[in-house]
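*Asks:* Curious how this folds, go ahead:
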Amino acid sequence: TPRRKARRGTRSPRPPRRAPSGLGDLTVALEARGPLDAGTARALAEVGGWVVGQGGSVLLASTGALPAHPSFREHAFGATDPLPCTLAHGQRPAGPGWHVMRMPGTDWTEAGSGLGAGGAQVLLVHVAGGSVTGQHLLPVVQVSADLQTQARFGADLDGTVAGAYDEQAHQLGRILGAPP
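*Replies:* Below is the predicted model:
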């Protein structure tokens, strides 16, 4: 096929316009790898509540540490009962709110690809004892409240959190770029 020549005088495409947005415009995946204290679990529940409260969606991996953590369940859902799965692996939610995605296992890559295929635009993960690899389908934002993890893997982290749960929640909001 012959190559097309660019016509003289054609304008280059305009760059996309930026529009302000907030947490409610997002589908955020929340995850935790490694030990997680009750205050940090509550902070992550608080951030998820802000997203959902502003009209966004939060995706959780069914086999992840957050759905298993009593403090997270209590502060995100008002009860410590086990959470039922609301989505199949890789399924997109039909509407905003909290969603628990069924995971076939605990593999990090498998979890990230399911959450990304499910529409998550960012994966906020708390790490302790190590860091995680990036994902192909969505950006991973790694944070830690664990001092040993901060000291050893600080260069791999996107942010650190400290203090009471409400301070940590506000720090996480700022790390996501959209404080409540």
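*Asks:* and the helix or strand harbouring His170, what's its mean pLDDT?
*Replies:* Secondary structure from DSSP states H and E places His170 in helix 165-176. Model confidence over helix 165-176, given as mean pLDDT, is 94.
*Asks:* same thing with stretch 58-66?
*Replies:* What stretch 58-66 shows for mean pLDDT is 97.
*Asks:* Check stretch 103-112 too.
*Replies:* Rounded mean pLDDT across stretch 103-112 is 93.
*Asks:* residues in contact with that stretch?
*Replies:* For stretch 103-112, the external contacting residues (C-beta atoms under 8 Å, 6 or more residues apart in numbering) are 29, 31, 33, 61-64, 89, 114, 123, 132-133, 135-138, 140. Glycine gets a C-beta too; all of them are placed from N, C-alpha and C.
*Asks:* ditto for stretch 147-161
*Replies:* Counting by C-beta under 8 Å, 6+ apart, 34, 40, 43, 127-131, 141-145, 167-168, 171-172, 175 sit against stretch 147-161.
*Asks:* try it again with 7 Å
*Replies:* Stretch 147-161 is contacted by residues 40, 43, 127-131, 141-145, 168, 171-172, 175 when judged by C-beta atoms under 7 Å, 6 or more residues apart in numbering.
*Asks:* Pull out the buried residues from those.
*Replies:* 40, 43, 127-128, 131, 141-145, 168, 171-172, 175 (16 or more other C-beta atoms under 10 Å).
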